[in-house]
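1. build me a structure from this.
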Amino acid sequence: MINFAAQQQEIDRGREFLDSMCEEEQSRCGNYEANNRITTLALLSPVEYDQAREGEAKKLNIRVGTLDKEVEAARKVNNQENSTDSIIEDVRPCSDKVDGEQLLIEIQDTFKKYSIIPSGADIALPLWILGTYCFNSFRIFPMVGLSSPEKRCGKSTVMSLLKALSNRAILASNISPAAIYRVTESWQPTLLIDEADTYLKDNDELKGIINSGHSKDTAYVIRCEGENSEPKQFSTWTPKAIAMIGELPDTNRDRSIVVTMRRRMPGEKVDKLPIDFDKYCVSIRGKCLRWAMDNNLRLSNTNIKIPDIGNDRATDNWTPLITMAEIIGAEWTDKAIESMKHLSGGGDDDNIGAMILIDIKSIFEEKGTDRIFSEDLLVELIEREDRPWCEWRRGNPMSKTSLSRLLKPYKIRPQTIRYRSEVKKGYRLGDFQDVFSRYLPPETSILDDPSVTPLQASDDAGFGRDQNVTSDQHVTDQTVTDKPSVTDGNTLKANAGAGCNGVTDGIPDLSGGEGHTNNDYEETVL
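-> Numbering: from 1, shown residues only. You can find the predicted model right below:
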């Protein structure tokens, strides 16, 4: 017999269970909605929240004070979660397609409004800024080097402009080597390094890490990490700009678009940067990102021919900028090439190695000789007031040792030479000829100088004035005395018994041999 009373009790318990489940789910949904509203309120500005708090408290059926506490707690959570990412802004691209030419003009106008920059920089800096949004499309991306002869020349203002306009920019007035590769590895920002004269020049590790980011293929450093010191690779590939008083270190300068700032003239007027300038430039950043997104593929596949200005590194530096200009329009291509010629100076003159070679070459030409003593060469170098040789180290003139070290990478060392009846350490023109042809512009040649009398070679490469002249006297085509009659009366003749080393015949060997120590070399050679 069916027990209807027992069945009814089961049905009633089932209904009670379902009702409790519904109430629990409704409570859960209500809490979920409340949490969502509180999270949203925590993202509002203080003014916006103050305007909405009473109405939102009524909707949630809680007191206003309770809502204030919950929103404050949600804000703390947000700040903790975003404490690292807040360093970098994620730029949002413009929704509409961007005209590249108009964008560059807008960036140009921004620079003109707030700064005084030298000729050529008004083209280079807007292109470089645009490049910070698409630098991954290139194999090499240059740094910007801002330098000035002294303070108050506008470097910090230009750095602020770069920060407001560049992609994901970080501006620092001091930074460690570790911070560079960790920040780059984490966020790949545009890294702006200000006040570099206070800590960069004597920091070889920092200079090396900055330099490593010039080429995408080599933009890595290896460091040991963790308790087991496991080696780890860090990227240094990111756009960088450096600002400092004085010249950039040579290796950094070689990898940079260099902009030399000048102090503003009394009649030159500019506006002061507003406090919220970064927000003012949000739309420009969005346009730059949109242009980069639309043109990344074209940039990667565009190969252009850069005019030869006698400096391969400068050509590499300008390739990304001129490539962008080519895509934007022919007029900008012409402007970029002119800017390159103007800012690059047309060659390697700013490189210390090339500079010393240029000066030595000109000294040989001015003297009309094929050899010169080290001490005489130094005198000539130090007298050049527009060069750094007169204040080479801590205000002191260049020494023989310093000269030797500069020439050592070119495999040029001082030798014992005889010149005008004296025997000392010095340099021969012939040892420089290959170096001049490889590292200096080809437009001039020492061999073309009519003031230099060419040597006349015999079958066995010896030289003599006649068969009765001693080996000491046929050292060189220059006379061994100061009497003009000797030079006028003795013409060069082939010397049947002499070889190429006849220069030092009859002279004690002062150049050293086996067992000759480095200390002896430094003291004797230079």
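2. what are the boundaries of the helices in the stretch 251-400 of the chain?
-> Taking DSSP state H, counting those that start in this stretch, the helices of the stretch 251-400 of the chain run over residues 277-280, 282-301, 312-328, 330-344, 352-367, 374-382, 400-407.
3. which phi and psi values does V91 adopt?
-> phi -70, psi 140 (degrees, to the nearest 10).
4. out of the helices of the stretch 251-400 of the chain, nearest to S148?
-> Shortest distance between S148 and those, using Cβ to Cβ, is found for helix 330-344: 14.8 Å. For the C-beta atoms, the positions are set from N, CA and C on the backbone; glycine is no exception.
5. could I get the full set of strands for the stretch 151-300 of the chain?
-> With DSSP state E, counting those that start in this stretch as the criterion, the stretch 151-300 of the chain has strands at 169-172, 190-193, 220-225, 230-235, 240-245, 256-260.
6. list the helices and strands the second one packs on?
-> In terms of contacts (3 or more Cβ pairs under 8 Å, 6 or more residues apart in numbering; DSSP states H and E), strand 190-193 is packed against helix 155-165, strand 169-172, helix 177-187, strand 240-245.
7. looking at these, which is buried most?
-> The highest average neighbour count among the helices and strands packed on strand 190-193, using mean count of other Cβ atoms under 10 Å, belongs to strand 240-245 at a mean of 25.
8. parallel or antiparallel, list what pairs with it.
-> Paired strands of strand 240-245, with direction, are strand 143-148 (parallel), strand 190-193 (parallel) (DSSP bridges).
9. so for the longest one, mean pLDDT?
-> Model confidence over strand 143-148 averages 94 on the pLDDT scale.
10. any idea of the angle it forms with helix 155-165?
-> 150 degrees (axes from the mean of the first three to the mean of the last three Cα atoms, to 10 degrees).
11. can I get the CA coordinates of strand 143-148 in PDB?
-> Extracted in PDB, the C-alpha atoms of strand 143-148 (Å, rounded to 0.1, in the frame of the first residue of the first chain):
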ATOM      1  CA  MET A 143      70.400  56.000 -30.600                       C
ATOM      2  CA  VAL A 144      69.800  59.700 -30.300                       C
ATOM      3  CA  GLY A 145      72.800  61.500 -28.700                       C
ATOM      4  CA  LEU A 146      72.000  65.000 -27.300                       C
ATOM      5  CA  SER A 147      75.100  66.900 -26.400                       C
ATOM      6  CA  SER A 148      75.900  70.500 -25.500                       C
END
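12. ok, residues contacting that strand?
-> With contact meaning Cβ atoms under 8 Å, 6 or more residues apart in numbering, strand 143-148 is reached by 124-125, 128, 154-155, 158-159, 162, 210, 214, 239-248, 252-253, 255-263.
13. nearest to G267, of the helices and strands packed on strand 190-193?
-> helix 155-165 (17.8 Å).
14. just the mean pLDDT for the closest one, thanks.
-> 95.
15. who does it touch, helix- and strand-wise?
-> Applying 3+ Cβ pairs under 8 Å, 6+ apart, one finds that helix 155-165 contacts helix 100-114, helix 121-131, strand 143-148, strand 169-172, strand 190-193, strand 240-245, helix 277-280, helix 282-301.
16. buried residues in the host helix or strand of V47?
-> In the assignment (DSSP states H and E), V47 maps to helix 46-60. Going by neighbour count (16 or more other Cβ atoms under 10 Å), the buried part of helix 46-60 is Y49, A52, R53, E56, A57, L60.
17. just stretch 144-155 next, same as before
-> For stretch 144-155, using 16+ other Cβ under 10 Å, the buried residues are V144, G145, L146, S147, S148, C153, G154, K155.
18. distance of the second one from F135?
-> This points to G145. Relative to F135, G145 is positioned 17 Å away (Cβ to Cβ, to the nearest Å).
19. where does this structure dip in pLDDT?
-> Confidence mapping of the chain against pLDDT under 70 gives the ranges 1-33, 77-87, 345-351, 442-526.
20. change it to 50
-> By pLDDT under 50, the weakly predicted segments of the chain are 25-29, 81-85, 346-350, 444-526.
21. break it down into its domains, please.
-> 20-83, 100-343, 352-525 (automatic domain parsing).
22. any chance of TSV for those domains, columns distance to V91?
-> Listed next are the domains of the chain as TSV, based on distance: least, Cβ to Cβ, whole Å:
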stretch	distance to V91
domain 20-83	16
domain 100-343	5
domain 352-525	39
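23. looking at the ones you listed, which is buried most?
-> Highest mean neighbour count among these (mean count of other Cβ under 10 Å): domain 100-343, a mean of 18.
24. give the contact list for E331.
-> E101.
25. can you rerun that using 10 Å?
-> E101, A325 (Cβ atoms under 10 Å, 6 or more residues apart in numbering).
26. swap in D431?
-> Contacts of D431 by Cβ under 10 Å, 6+ apart are R371, L407, Y410, K411, I412, R413, P414, Q415.
27. one more pass at 8 Å, please.
-> I412, Q415.
28. what do you get for S176?
-> L206.
29. rerun at 10 Å
-> R182, Y199, N203, E205, L206, I209.
30. closest one to V379 among the strands paired with strand 240-245?
-> Minimum separation from V379 across the strands paired with strand 240-245 (Cβ to Cβ) falls at strand 143-148, 30.1 Å.
31. any chance of a markdown table for the strands paired with strand 240-245, columns distance to A73?
-> Listed next are the strands paired with strand 240-245 as a markdown table, based on distance: least, Cβ to Cβ, whole Å:
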| stretch | distance to A73 |
| --- | --- |
| strand 143-148 | 44 |
| strand 190-193 | 35 |
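32. and of these, who's closest to Q433?
-> For Q433, the closest of the strands paired with strand 240-245 is strand 143-148, at 33.2 Å, according to Cβ to Cβ.
33. returning to that earlier point: want to throw the helices and strands packed on strand 190-193 into a markdown table with distance to K269?
-> Converted to a markdown table, the helices and strands packed on strand 190-193 look like this (distance: least, Cβ to Cβ, whole Å):
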| stretch | distance to K269 |
| --- | --- |
| helix 155-165 | 14 |
| strand 169-172 | 25 |
| helix 177-187 | 37 |
| strand 240-245 | 23 |
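34. for the ones you listed, which one sits closest to D99?
-> D99 lies closest to helix 155-165 among those, at 17.0 Å (Cβ to Cβ).
35. check contacts around the closest residue to L321 other than its chain neighbours.
-> Spatially, and ignoring its direct neighbours in sequence, L321 is nearest to L127 (4.2 Å; Cβ to Cβ, 6 or more residues apart in numbering). Residues in contact with L127 (Cβ under 10 Å, 6+ apart) are 104, 107, 257, 318, 320-325, 328, 332, 335-336, 339.
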